[in-house]
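Engineer: Below are the sequence and a predicted model; questions follow.
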Amino acid sequence: MSDMLKYPRLTDLEKKAKRRIPPFMFAYLDAGTGRDFAKDANEAAYREISLTPQFLRGRVAADTSTTLLGKVYGAPFGVAPIGLSSTIWPGAEQILARAAKAHNFPYALSTVAGDSIERVSKVGGDITWFQLYPPADRDMCLDMMRRARECGVDTLVVTADVPAPSRRERMRLSGGPVGSRGKSMYTPRVIMQSMSRPEWALRLLANGGPRFRNIEPYSDKFGGMGVTEFIGSQLNGGLDWDYLDIIRDRWPGKLLLKGILHGQDAERAARAGVDGLVISNHGGISSDAALAPIDVLPSVVREVGDRMTVIVDSGFRRGSDILKGLALGADSVIVGRATLYGVSAGGEPGATRALEILHAEIRRTMGVMGLTSVADITRDHVVLPRELPL
Ligand code: FNR
């Protein structure tokens, strides 16, 4: 029996994760940006949305399987891309890919993950998606797309919402390395905090320290910069609609555009031939004034829902939150921090536990709502306090 069964809720895994990784690393995972308003608002938004059950349908056995982008998955949620996952918990990418594969949930590997698409897709197989931050160097972009394709990846997630770096204040205050030019990442505070979490530190050392295995093959382009500085120089602000056209033209599989919050951008993306959107505010990391994605979801669905797949993320912490997203028109949800809380709390059993907690909550909520299948969840099952026109 897994030791992780002692942790009945995601919040219990979160607390355990906090004890197992250094404070600066927990802050990297957990913090929003600025005053954290957007991160807090993402989570608070679900309080104000209610689900309306329907009864007298006999015995209800909920089937959570979901068709998304032409493929059947085990549940209407997947694992969102998280950069530096292997620095949060060494080996996190392969752990998450294996756990997601076992449940037939999608897992999106970040461009700036610690592990490479070659290694992770071997573990995750057909549930592996690749998230692309289109770099300024377009040859490098096309080469990363080629690599993903050669690994059998069908779904490419292009992230649009980091046109400029944000300032994650809580992370800075926690003493974490901020990658300033020329300065060592290994400040006394980083060393002290790392030593206070010896299991994490030893695992990270065994992993070769912080790695960026998707980017490392391009070291001939670094031009004397370190890998973090190179990433900073490449990944902020290069994407525009023309660049997206090139990506669309060259990617034969399914293409998702992540980070959309505006109806006009959604409409423009539909015209660009994108297969789907991820309505997201990056978990409240880009701007502390950003809208909660769940609040804009209905208007985006109204705008493009008949033409495109619509996925939503940011702030999902419960199965009932996920059902609210589906009732408001999303085809699926992706979950970021919650999955890394699981990995950091307990490696693979912890990752599995996080996924199973969410999955069981979806099943339970569907049951008490009188819903037997995901396709039966409709707008009639939800009541909103407000809806923003965009
Ligand atoms: C992210 N996110 C993100 N998104 C992306 O497209 N590429 C990336 O490399 C990252 N990296 C990343 C790191 C950390 C620490 C966080 C918290 C988030 C955003 C992520 O995919 C997703 O949109 C949010 O995490 C969703 O919000 P929740 O579920 O964390 O509330």
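Structural biologist: Structure received.

Engineer: I'd like the distance between the closest residue to residue 9 other than its chain neighbours and residue 300.
Structural biologist: Using C-beta to C-beta, 6 or more residues apart in numbering and skipping residues adjacent in sequence, the residue nearest residue 9 is residue 357, 6.7 Å away. Where you see a C-beta, it was placed from the backbone N, CA and C, and this is true even at glycine. Separation of residue 357 from residue 300 (C-beta to C-beta, to the nearest Å): 28 Å.

Engineer: Equivalent analysis for residue 292, please.
Structural biologist: 13 Å.

Engineer: just residue 56 next, same as before
Structural biologist: According to C-beta to C-beta, residue 56 stands 34 Å off from residue 300.

Engineer: Between these two, which is the more surrounded one?
Structural biologist: Set residue 56 next to residue 300 and count neighbours by other C-beta atoms under 10 Å: residue 300 wins out with 27 against 5.

Engineer: What residues does the residue most central in space within the chain make contact with?
Structural biologist: Compute the mean C-alpha point of the chain, and by C-alpha atoms, centre = their mean the closest residue is residue 80, 2.0 Å away. Contacts for residue 80 (C-beta atoms under 8 Å, 6 or more residues apart in numbering) come out as 108, 283, 313, 334, 335, 336, 339.

Engineer: Out of those residues, which comes closest to residue 253?
Structural biologist: For the contacts of residue 80, the minimum distance to residue 253 (C-beta to C-beta) is 13.3 Å, reached by residue 108.

Engineer: Check which helices and strands whichever strand or helix holds the closest one is in contact with.
Structural biologist: Taking DSSP states H and E as the definition, one finds residue 108 inside strand 107-109. Packed against strand 107-109 by the contact rule (3 or more C-beta pairs under 8 Å, 6 or more residues apart in numbering; DSSP states H and E) you find strand 77-79, helix 92-103, helix 117-124, strand 128-132.

Engineer: Only C-alpha atoms, please: export the helix or strand just after the last one in CSV.
Structural biologist: Yep, that's strand 128-132 we're talking about. Sequence order places helix 138-150 as the next helix or strand after strand 128-132, per DSSP H and E. Taking Å, rounded to 0.1, in the frame of the first residue of the first chain, the C-alpha atoms of helix 138-150 are listed here in CSV:
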residue,chain,number,x,y,z
ARG,A,138,13.7,30.2,-35.8
ASP,A,139,16.0,27.5,-37.0
MET,A,140,16.2,26.3,-33.4
CYS,A,141,12.4,26.5,-33.2
LEU,A,142,11.9,24.3,-36.3
ASP,A,143,14.6,21.9,-35.0
MET,A,144,12.8,21.5,-31.7
MET,A,145,9.5,20.8,-33.6
ARG,A,146,11.3,18.2,-35.7
ARG,A,147,12.7,16.5,-32.6
ALA,A,148,9.2,16.4,-31.0
ARG,A,149,7.7,15.0,-34.2
GLU,A,150,10.4,12.4,-34.5
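
Engineer: Can you report the mean pLDDT over the residues of helix 138-150?
Structural biologist: For helix 138-150, mean pLDDT is 98.

Engineer: Figure out how far that helix is from the centre of its chain.
Structural biologist: Relative to its parent chain, helix 138-150 has a centroid offset of 21 Å by C-alpha atoms, centre = their mean, to the nearest Å.

Engineer: Select from the contacts of residue 80 the one having the most neighbours.
Structural biologist: residue 339 (30 neighbours).

Engineer: Residue of this structure closest to the ligand, please.
Structural biologist: The nearest approach of the chain to the ligand comes at residue 336, 2.1 Å away (C-beta to the nearest ligand atom).

Engineer: chain center to the helix ranked longest in the chain, what's the gap?
Structural biologist: Longest helix in the chain, counting residues (DSSP state H): helix 337-369. The chain centre lies 14 Å from the centre of helix 337-369; the measure is C-alpha atoms, centre = their mean.

Engineer: Which of the residues in that helix are classified as buried?
Structural biologist: For helix 337-369, burial by neighbour count (16 or more other C-beta atoms under 10 Å) applies to 337-359, 361-362, 365-366, 369.

Engineer: Give the other helices and strands that it contacts.
Structural biologist: Using 3+ C-beta pairs under 8 Å, 6+ apart: helix 337-369 touches helix 10-20, helix 23-30, strand 77-79, helix 85-88, helix 92-103, helix 319-327.
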